[in-house]
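J.: I'll drop the sequence and a predicted model, then ask my questions.
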Amino acid sequence: MVPVPSHSIVPERDVDQMPVLECSHLGIDFGGLTAVNELNLTIGRTEIAGLIGPNGAGKTTVFNLLTKVYQPTRGTILLNGKDTHGMSTTQVNRAGIARTFQNIRLFTNLTVEDNVRIGLHNQVRYPMWDGVFRLPQFWKQEKVAHEKAMELLSIFHMEDLAQHQAGSLPYGAQRRLEIVRALATNPRLLLLDEPAAGMNPSETHDLMENIIKIRDTFHIAIMLIEHDMNLVMGICEGICVLNFGEVIAKGTSEEIQRNPKVIEAYLGSGKKGG
């Protein structure tokens, strides 16, 4: 990790490229409560970053700000150098941010493949009448969508589950499917909210390898919120620590583990992030 002019750090391989995300003085108030305050954060174009902190620290609120579930009270979010001010959730997704959630949000009555194909809606297009009358362009695009969905499912070796109902999958497989669906939107930044929740140690180990594989295959940045400190410290290059909505530390895993403020607020408390 190396410093950049904004006084943040990014992986050395990303230093000559525009950061995928830059947050400056970001904050949000709910009535008289300040949930996030003065968040300054930079993520390199292929960085795997971690966002950690105690329960109620504001981590999921940050994800909601980045994806415009909430509009910031103050501050700036630059995605690929473009100000996202005024964008809707749909617009910011099209601009390059995709996410998963703490609570799985799949279309449980649809097939695994159909869940992934929903994520492809921005990439597979044909004129309305081609769809109504099932003209050649419709079938051509349907073939493209099927092949792309199967390619994405292969990341987690889920091709054989393509025609299974999503709601019938084991919990860990549903978690993986949600990541695949997010990837289908072709993001530049993938936000994973507690991706290892409910997974056993073997599944968590596989998840760690697959997060790295996703970064290397798609050349994208990934930021995750996670309870499992072994996962965070094992794969995150830069880590940002929140407490009461404010950043108390930023650095590499080694720096974060040695930071007294972090030990006091989080790592030494026995609490889990939420």
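T.: Thanks, I have the structure now. This is a predicted model, so every value here is computed, not measured.

J.: surely Gly234 and Met208 touch.
T.: Yes: look at Gly234 against Met208 with Cβ atoms under 8 Å: they come within range, at 5.8 Å. The C-beta positions use only the backbone N, C-alpha and C, and glycine is treated the same way.

J.: who's more crowded, those two?
T.: Of the pair Gly234 and Met208, Met208 is the one with more neighbours under other Cβ atoms under 10 Å, namely 19 against 14.

J.: buried residues, the strand or helix carrying that one. List them.
T.: Element membership for Met208, per DSSP states H and E: helix 201-218. Buried residues in helix 201-218, counted by 16 or more other Cβ atoms under 10 Å: Glu203, Thr204, Asp206, Leu207, Met208, Asn210, Ile211, Ile214, Arg215, Phe218.

J.: and if you look at stretch 39-58?
T.: For stretch 39-58, burial by neighbour count (16+ other Cβ under 10 Å) applies to 39-54, 56-58.

J.: then stretch 232-241?
T.: Neighbour-count burial for stretch 232-241 flags Val232, Met233, Ile235, Cys236, Glu237, Gly238, Ile239, Cys240, Val241 (criterion: 16+ other Cβ under 10 Å).

J.: ok, now how distant is Glu12 from Glu47?
T.: 11 Å (Cβ to Cβ, to the nearest Å).

J.: should've said Thr34
T.: According to Cβ to Cβ, Thr34 stands 27 Å off from Glu47.

J.: do Glu151 as well
T.: Distance from Glu151 to Glu47, by Cβ to Cβ: 24 Å.

J.: for Arg258, same thing?
T.: 21 Å.

J.: repeat that for Val69.
T.: From Val69 to Glu47 the distance is 23 Å (Cβ to Cβ).

J.: likewise Ala35?
T.: With distances taken as Cβ to Cβ, Ala35 is found 25 Å from Glu47.

J.: which secondary element of this protein has the worst mean pLDDT?
T.: Ranked by mean pLDDT, DSSP states H and E, the weakest helix or strand in the chain is helix 128-132, scoring a mean of 52.

J.: and after that one, which helix or strand comes next?
T.: Beyond helix 128-132 on the C-terminal side, the first helix or strand identified by DSSP H and E is helix 136-153.
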